[in-house]
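# take a look and give me a structure for this.
(one chain, ligands or ions: 2)
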Amino acid sequence: MEMLKTEKLKKIYGKGETEVQALKGVDLTVAKGEFLAIVGTSGSGKSTLLHIIGGLDTPTSGTVTVDDKKINQLADEELTIFRRRSIGFVFQKFNLISMLTVQENIILPIKLDGQKVDMEYVGQIIKMLGLESKTNSFPNTLSGGQQQRVAIARALAAKPAVILADEPTGNLDSQTSQDVIGLLKITAKQFTQTIIMITHNEEIAQLADRIIRIEDGQIVRSTKKDWGDSNGEGRE
Ligand code: ADP
Ligand code: MG
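Ligands and ions are numbered 1, 2, ... in the order given. Got it, this is the predicted structure:
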């Protein structure tokens, strides 16, 4: 089943001499529950694509459809609600609030949205990400890997259909990166969440179901992983 689709997506920044064509017509379809990795050199348009998919930026032309909703037709307020409820963002910088505990950080977006917190679900995520002993700790007492796991838990807590991650392991060492993304992958599978992740890390990209390469604002290659089993549920 299709979760997300971009059609003829173009993004032009600036005008005249300073004009940059960041996206030159991107057609991308992502299935529900798929883990997609996006690779490509710096400046190729990866972040622009992710931001537009997540409704953080608007395309110059073309459409983005998420869960059968054309998000570029939404009014500002609807778009804000869509972002809060349907998308979980994970960035390279963890953006945790230092005055709040781990648990408070994780449930903050749900509270800001005025929703009731499903503590059982949040507890499950905390457990899966190995943060049980840290719920009452403050972010600055955690390692980088632990902080990124908190950021992932926060992104997952509102049960978003789609997780968008922009170089989420950029600040982590290789082993920690693998562990953190391995956990994200397991959690997302458990709850049939779709992951789109930009990464420079080849080993991390190999954890995805499909890798697309973007060059100069266009998808130039798409490689699907053959997990070697019939249900495509991973190779573990
Ligand atoms: P990547 O994430 O692959 O490194 P980006 O999507 O950030 O690439 O950028 C693609 C191109 O668009 C680059 O040439 C970049 O300089 C340009 N760009 C990105 N954001 C802006 C912006 N806000 N204003 C002008 N140019 C931008
Ligand atoms: Mg980028």
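# chain center to the one helix or strand Leu108 maps to, what's the gap?
Secondary structure from DSSP states H and E places Leu108 in helix 102-112. In terms of C-alpha atoms, centre = their mean, to the nearest Å, the centre of helix 102-112 is found 18 Å from the chain centre.
# got the contact list for the very next helix or strand once past that helix?
Once the chain leaves helix 102-112, the next helix or strand it forms, by DSSP H and E, is helix 119-128. The contact list for helix 119-128 (C-beta atoms under 8 Å, 6 or more residues apart in numbering) reads 103, 106-107, 132, 135, 153, 156-157, 159, 183, 186-187, 190. In short, each C-beta sits where N, CA and C put it, glycine included.
# got it, and stretch 5-12?
In contact with stretch 5-12 (C-beta under 8 Å, 6+ apart) are residues 19-30, 45, 48-49, 52-53, 57, 59-65, 217.
# and what of stretch 16-31?
Against stretch 16-31 from outside (C-beta under 8 Å, 6+ apart): 1-14, 36, 45, 48-49, 52, 59, 62, 194, 196, 212, 214, 216-219.
# tell me the mean pLDDT for it?
Across stretch 16-31, the average pLDDT comes to 97.
# rewinding a little: mind checking which of the contacts of helix 119-128 land in helices?
Gln103, Ile106, Ile107, Ala153, Leu156, Ala157, Leu183, Ile186, Thr187, Gln190 (DSSP state H).
# make a markdown table out of the residues you listed and add pLDDT, neighbour count and distance to ligand 1.
Output for those, formatted as a markdown table (pLDDT from 0 to 100; neighbours: other C-beta atoms under 10 Å; distance: C-beta to the nearest ligand atom, whole Å):
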| residue | pLDDT | neighbour count | distance to ligand 1 |
| --- | --- | --- | --- |
| Gln103 | 97 | 21 | 32 |
| Ile106 | 97 | 27 | 27 |
| Ile107 | 96 | 19 | 30 |
| Ala153 | 94 | 27 | 25 |
| Leu156 | 91 | 26 | 23 |
| Ala157 | 90 | 22 | 26 |
| Leu183 | 86 | 17 | 24 |
| Ile186 | 89 | 13 | 27 |
| Thr187 | 86 | 19 | 25 |
| Gln190 | 88 | 12 | 29 |
